[in-house]
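[1] give me a 3D structure for the following:
(one chain, ligands or ions: 1)
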Amino acid sequence: MAKLLKGAAYADSIKGTLEEKNRELIEKGVLPCLTIIRIGEWPDDLVYERGALKLFKEVGMQVRVVILPEEITQAALTKVFAALNDDDTVHGILLFLPLEDNLDAEPLKKMINPDKDVDGMCSENIAKIFLGDDSGFAPCTPMGVMELLKFYNIPLESAKVTLVGSSMVVGKPLAMLLSRENATVTMCHSKTTDLVEECLWADIIISATGVPKLIKKEFVKPGATVIDVGINIDRVTGELHGDVDFENVEPIAGAITPVPGGAGVATTAVLAVQTLKAAEKALLKTKHSHVRHREVRKHYV
Ligand code: NDP
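    Residues are numbered from 1 along each chain as shown. A predicted model of the protein is given here:
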């Protein structure tokens, strides 16, 4: 039987630190605050939102949700975004993606203040992952997967990792984060010709495709670690499934994440970590501007 890699165990392990950091920042005059922008009522967005609200409440952190109608125009959405960018009481902005077909996320990725971009969607933050610069924000899901692997002491150095899914939200940044830990990474996508072969040699398989039950037992080397990032909600039954055929893969895997309760929960925990990091950045900026202001006054007075 495979070891279950539960996101909640990782989240529980950092709750004390989150609470303490949040308190410290409040004492220094900053009330850390995340603002989620949700357009419409997509079930996957609602799952993520509920998880975030629960965790933030547990550790005493502030989170606001801006709910916008599906018919919102690009201009109106841009206006909301700009207001949050300018609002000093907002430290992190999380926009649920993908957007409706009538909306374009690209201009928003370009305009978001990189210091508030807690889900690493702007090019400045993405570039920092590739440069090995930890001062920015990586997207929360790849970071959550990394934290989960480290929390459960899954060896990464020299490990053969097959990533299934190569999006900018999950696969590509995760490939970089794994490479930094000296893993040997193979990245697969819909045009990969022999997915079974690419997975079978892996010590760790990580799937983020949105294709339910794509990863079957034939793909998995006995004892391998299997991380399921997929969130697939059955529109008829409302049931939540991952990308992995859990029932048949679990008996042969060495370790596996459940869905729900695995990568998604770790993602939410990272969202809280990154919101506090954003609030710390805001505090530092205020301190620097006060120092600069004093220096300018000294110079002229
Ligand atoms: P995208 O649609 O942007 O990317 C999907 C990736 O999977 C693409 O690289 C695509 O290949 C690849 N793919 C699709 N079908 C196959 C296939 N049959 N074989 C191999 N590769 C395939 O999705 P996201 O990256 O945004 O999300 C992926 C999944 O992860 C979704 O279920 C999403 O809900 C979930 N997710 C979960 C999060 C969490 O916190 N747990 C957060 C973010 C996403 P190609 O590039 O060739 O099209």
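[2] for the stretch 201-301 of the chain, what lies in contact range of the ligand?
    Counting by Cβ under 6 Å from any ligand atom, the positions of the stretch 201-301 of the chain adjacent to the ligand are 208-211, 214, 229-232, 263-264, 267. Heads up, the C-betas are built off the backbone N, CA and C, glycines and all.
[3] narrow those to those that are buried.
    208-209, 214, 229-232, 263-264, 267 (16 or more other Cβ atoms under 10 Å).
[4] what about stretch 100-113, how long is it end to end?
    23 Å (Cα to Cα, to the nearest Å).
[5] can you list the buried residues in that stretch?
    103, 108-109, 112-113.
[6] which two among these are spaced furthest apart?
    Greatest spacing in the buried residues of stretch 100-113, by Cβ to Cβ: Leu103 and Asn113 (19.8 Å).
[7] among the residues of the stretch 201-301 of the chain next to the ligand, which ones are in strands?
    Among these, DSSP state E puts Asn232 in strands.
[8] just the residues of the stretch 201-301 of the chain next to the ligand: which are in helices?
    263-264, 267 (DSSP state H).
[9] turn these into a markdown table, including pLDDT.
    Output for these, formatted as a markdown table (pLDDT from 0 to 100):
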| residue | pLDDT |
| --- | --- |
| Ala263 | 98 |
| Gly264 | 97 |
| Thr267 | 98 |
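[10] is the ligand contacted by the helix or strand where Glu49 lies?
    Using DSSP states H and E, Glu49 falls within helix 43-58. Yes: counting by Cβ under 6 Å from any ligand atom, the ligand is contacted by helix 43-58 at Asp44.
[11] and that helix, what does it pack onto?
    Secondary-structure packing of helix 43-58 (3 or more Cβ pairs under 8 Å, 6 or more residues apart in numbering; DSSP states H and E): helix 7-27, strand 33-39, strand 62-68, strand 232-233, helix 263-300.
[12] let's go with 10 Å and repeat that
    helix 7-27, strand 33-39, strand 62-68, strand 92-95, helix 140-151, strand 232-233, strand 240-241, helix 263-300 (3 or more Cβ pairs under 10 Å, 6 or more residues apart in numbering; DSSP states H and E).
[13] could you list the buried residues of the last one?
    When you say that, I think you mean helix 263-300. 263-283.
[14] looking at the buried residues of stretch 100-113, which one is closest to Val236?
    The nearest one, if we look at the buried residues of stretch 100-113 relative to Val236 and count by Cβ to Cβ, is Leu103, at 26.5 Å.
[15] which residues sit in contact with Lys110?
    121-124 (Cβ atoms under 10 Å, 6 or more residues apart in numbering).
[16] so how far is the ligand from it?
    Per Cβ to the nearest ligand atom, to the nearest Å, Lys110 is found 19 Å from the ligand.
[17] shouldn't that residue be within a helix?
    Yes: when DSSP: H, G, I helix; E, B strand; the rest coil is applied, Lys110 is found to be in a helix.
[18] rewinding a little: just give me the closest of the buried residues of stretch 100-113 to the ligand.
    Lys109 (13.8 Å; Cβ to the nearest ligand atom).
[19] the nearest residue to that closest one once chain neighbours are set aside: neighbour count?
    With Cβ to Cβ, 6 or more residues apart in numbering as the criterion, Lys109 has its nearest non-adjacent residue at 4.9 Å, and that residue is Met121. By the criterion of other Cβ atoms under 10 Å, Met121 has 23 neighbours.
[20] is Met121 in a helix, a strand, or coil?
    coil.
[21] show the contacting residues for it.
    93-95, 97, 105-106, 108-110, 112, 114, 137, 139, 168-169.
[22] any idea of the pLDDT on it?
    Note for Met121: predicted pLDDT of 97.
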